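Asks: Just the structure for this:
(one chain, ligands or ions: 1)
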Amino acid sequence: MNDILIQARDLCVSYRTSRERIKVLRGLSLELRRGEAVAIIGPSGSGKSTLLNLLNGLLRPDSGQLRVFGREAAELGEGDWAELRRTRIATLFQDGNLIPTLTVERNIAFRAGLAGLQQHGGQALLEHLDIAATAQRYPDQLSGGQRQRAALACAFAMQPELILADEPTGSLDQATAQRAIPLFFDAIRERTVGALIVTHNAELARRCDRVLELRQGALNPWDSALSS
Ligand SMILES: Nc1ncnc2c1ncn2[C@@H]1O[C@H](COP(=O)(O)OP(=O)(O)OP(=O)(O)O)[C@@H](O)[C@H]1O
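Replies: The predicted structure is shown next:
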């Protein structure tokens with residue numbers, strides 16, 4: 001089993017508009033191993049979502065080298081990326097990614113089913129996240145925080161190897177975040193999942209193995225002393 005989930009070297013990514021070329025990532029390097037959680041912080045517009053989309057196969061780099069699960073990303077086609085997102089990579093976006101026409105319970109079963117799992121422990125996950133009462137509701141019948149927890153349950157139910165999360169506790173109050181955060185780390189330690197977590201939540205960042213700051217298109221170890 002390959003222990004290195006992500007290996008990125010000198011990645012450059014830019015967006016083109018009709019007027020300009022916006023260089024967002026400028027020589028970004030990163031390594032993420034199984035069982036490791038890395039927090040990414042950085043100012044608004046620094047490229048955090050761009051980085052997640054790149055690692056998720058939704059964007060292609062202009063240059064640089066990216067290996068995911070030991071495979072050269074340049075050699076992966078759309079179908080390969082779709083397969084990875086179905087079975088090995090869970091992405092948690094701020095607004096959740098629930099299917100609006102399915103209840104919470106069915107969202108979980110669907111997500112696990114895509115990954116080829118019949119047993120997903122969805123009910124236990126909902127109980128752990130304190131939203132068991134929402135199992136039969138549709139996403140638009142949930143509060144923002146409940147939706148975010150349901151999305152977390154879906155992500156864990158697929159038993160991913162890599163979690164890419166964008167502010168996974170952003171809609172949660174402090175008490176609920178306190179319950180959800182250990183779930184992340186249980187999953188990471190027990191199932192040797194690697195996680196890259198964009199967050200401003202100090203508690204979440206503190207529990208990660210490393211905190212990296214995205215600034216001027218590159219990642220550097222975060223020096224809390226410099227920021228205070
Ligand atoms: N599709 C696009 N076309 C052109 N520019 C884009 C596009 N998407 C993002 N950008 C620009 O790229 C830069 C990085 O955006 P990105 O969303 O990755 O930042 P971010 O760090 O996630 O920001 P935030 O913390 O505000 O969510 C920004 O300057 C943004 O305006």
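
Asks: Quick check: which element contains the residue positioned nearest the centre of the chain?
Replies: In the chain, the centroid-proximal residue (CA atoms, centre = their mean) is L164; its distance is 1.7 Å. Here L164 is covered by strand 162-166, with elements defined by DSSP states H and E.

Asks: what does R9 give?
Replies: Using DSSP H and E, the secondary-structure element containing R9 is strand 4-16.

Asks: does the ligand sit close to whichever helix or strand comes after that strand?
Replies: Once the chain leaves strand 4-16, the next helix or strand it forms, by DSSP H and E, is strand 21-33. Yes: on the criterion CB under 6 Å from any ligand atom, strand 21-33 is in touch with the ligand at 22, 24. In this view, the C-beta of every residue, glycine as well, is placed from N, C-alpha and C.

Asks: Could you list the buried residues of strand 21-33?
Replies: Residues of strand 21-33 classed as buried: 24-26, 28, 30, 32 (neighbour count, 16 or more other CB atoms under 10 Å).

Asks: So what's the residue count around R19?
Replies: 6 (other CB atoms under 10 Å).

Asks: Would you enumerate the residues in contact with the residue lying closest to R26 once chain neighbours are set aside?
Replies: Distances taken as CB to CB, 6 or more residues apart in numbering put G217 closest to R26, at 3.1 Å, once the chain neighbours are dropped. Applying CB atoms under 8 Å, 6 or more residues apart in numbering to G217 gives the contacts 12, 23-28, 46-47.

Asks: How about A195?
Replies: 36-38, 162-165, 184, 188, 208.

Asks: What distance do you get for the nearest residue to R21 once chain neighbours are set aside to the ligand?
Replies: Counting by CB to CB, 6+ apart, R21 lies nearest to S14, which is 5.2 Å off, once chain neighbours are set aside. Going from S14 to the ligand by CB to the nearest ligand atom, to the nearest Å gives 9 Å.

Asks: contacting residues around S14?
Replies: By CB under 8 Å, 6+ apart, the contact set of S14 is 21-24, 62.

Asks: Near L102, how many other residues are there?
Replies: 15.

Asks: sec struct for the closest residue to it other than its chain neighbours, please.
Replies: Counting by CB to CB, 6+ apart, F110 is the residue found nearest to L102 once chain neighbours are left out, at 6.0 Å. Three-state call for F110 (DSSP: H, G, I helix; E, B strand; the rest coil): helix.

Asks: what number of residues lie near F110?
Replies: Count around F110 with other CB under 10 Å applied: 15.

Asks: repeat for S49
Replies: S49 has 17 nearby residues by other CB under 10 Å.

Asks: do the same with D173
Replies: Neighbourhood size, D173 [other CB under 10 Å]: 9.

Asks: Could you do L54 as well?
Replies: Counted with other CB under 10 Å, L54 comes out at 24.

Asks: quick one, what contacts it?
Replies: 11, 13, 25, 60-61, 66.
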